[in-house]
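[1] Build the 3D model from these lines:
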Amino acid sequence: AERIEVTYNKRIYTAELIGTNPSTDLAVIKISETGLQTITLGSSKDVQVGEWVIAVGNPFSLSSTVTAGIVSAKGRRIGILQDKFPIESFIQTDAAINPGNSGGALVNKRGELVGINSAILSRTGSYTGYAFAVPVDIVKKVFDDLRKYGVVQQSFLGGSVVEYNYENAKKYDLNTNTKNFSGVLLESIERDGPAMDAGLQPGDIIVKINSTEINSQSAFEEELSYHYPGNKITISYLRDGKLNTVPLTLVNLNG
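    A predicted model of the protein is given here:
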């Protein structure tokens, strides 16, 4: 953008760009004003499927439009972010969202921010029932990092994961005779990275990061996004049907 403006109470403010993060489709901007009321931040971890939510935005230039719906799903990965290391763990809602809603608030019944509207799935370009918001817990981390450092402190464990399901278990010659495909499959590891140093191997099934259960690639990426390079975490994983736990230290993109 050549110029960024914020309209508030019939006034137009020129905004300064503080930083952007393509991995999460978020940016931080700043205006020179005092005494502004701030929204109360909730927790996206507390959001439940079926819970009522309200979307606020400016669809089709209709300012301050409010729509209501329910949370359809959490942790959705829809493959729309083209960044090299996207973090997609969207809250899906059926609250009507259209072009112009992006960047608007998704709030719960108490008016607490639980997400920022980001995208829709549509063949027409208009709302057809599927809308997605960035969880507020990710937003908090991105905001704090951009404000303090100008760049998001994204952490890595030196390996990539894929969904653990029947197809991938068969592809990697793992046991497919199981009723419960819980966890994510460690597909590859980097030489001399934290995962290799911790003794992890391709084919390991990661089921927990610290005490948080991991059951999808989006949940894995989201949980990592809350940590900083240098943080020590504990990985619980299954290998040959046995549960193992190892500590490792996260690194940044440069290792």
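
[2] number of nearby residues for Asp173?
    Neighbour count of Asp173, defined by other C-beta atoms under 10 Å: 8. All C-beta atoms are positioned from the backbone trio N, CA, C, and that covers glycine.

[3] How about the contacts made by it?
    Under the criterion of C-beta atoms under 8 Å, 6 or more residues apart in numbering, the contact list for Asp173 reads Gly203.

[4] Can you pull out the residues in contact with stretch 211-222?
    Residues outside stretch 211-222 that contact it (C-beta under 8 Å, 6+ apart): 75-77, 86-90, 135, 137-138, 161-163, 182-184, 206-209, 223.

[5] ok, now with 6 Å
    With contact meaning C-beta atoms under 6 Å, 6 or more residues apart in numbering, stretch 211-222 is reached by Gly75, Arg77, Ile87, Glu88, Ser89, Val161, Glu163, Ser182, Val184, Ile206, Glu223.

[6] what does stretch 189-196 give?
    Residues lying outside stretch 189-196 but in contact with it, judged by C-beta under 6 Å, 6+ apart, are Leu157, Gly158, Gly159, Leu248, Thr249, Val251.

[7] Please repeat the previous calculation with a cut-off of 7 Å.
    The set of residues that contact stretch 189-196 without belonging to it, under C-beta atoms under 7 Å, 6 or more residues apart in numbering, is Leu157, Gly158, Gly159, Leu200, Pro202, Leu248, Thr249, Leu250, Val251.

[8] Pull up the gap between Leu113 and Tyr127, please.
    Noted for Leu113: a distance of 21 Å to Tyr127, by C-beta to C-beta, to the nearest Å.

[9] Hmm, I typed the wrong one, I wanted Ile214.
    Spatial separation of Ile214 from Tyr127 under the definition C-beta to C-beta is 32 Å.

[10] The two: which is more packed in?
    Relative neighbour count places Ile214 above the other of Ile214 and Tyr127, with 25 against 19, counting by other C-beta under 10 Å.

[11] Can you tell me the closest non-neighbouring residue to that one?
    On the basis of C-beta to C-beta, 6 or more residues apart in numbering, the spatially nearest residue to Ile214 that is not a chain neighbour turns out to be Phe220, at 5.1 Å.

[12] Before I go, just wanted to say thanks for your time.
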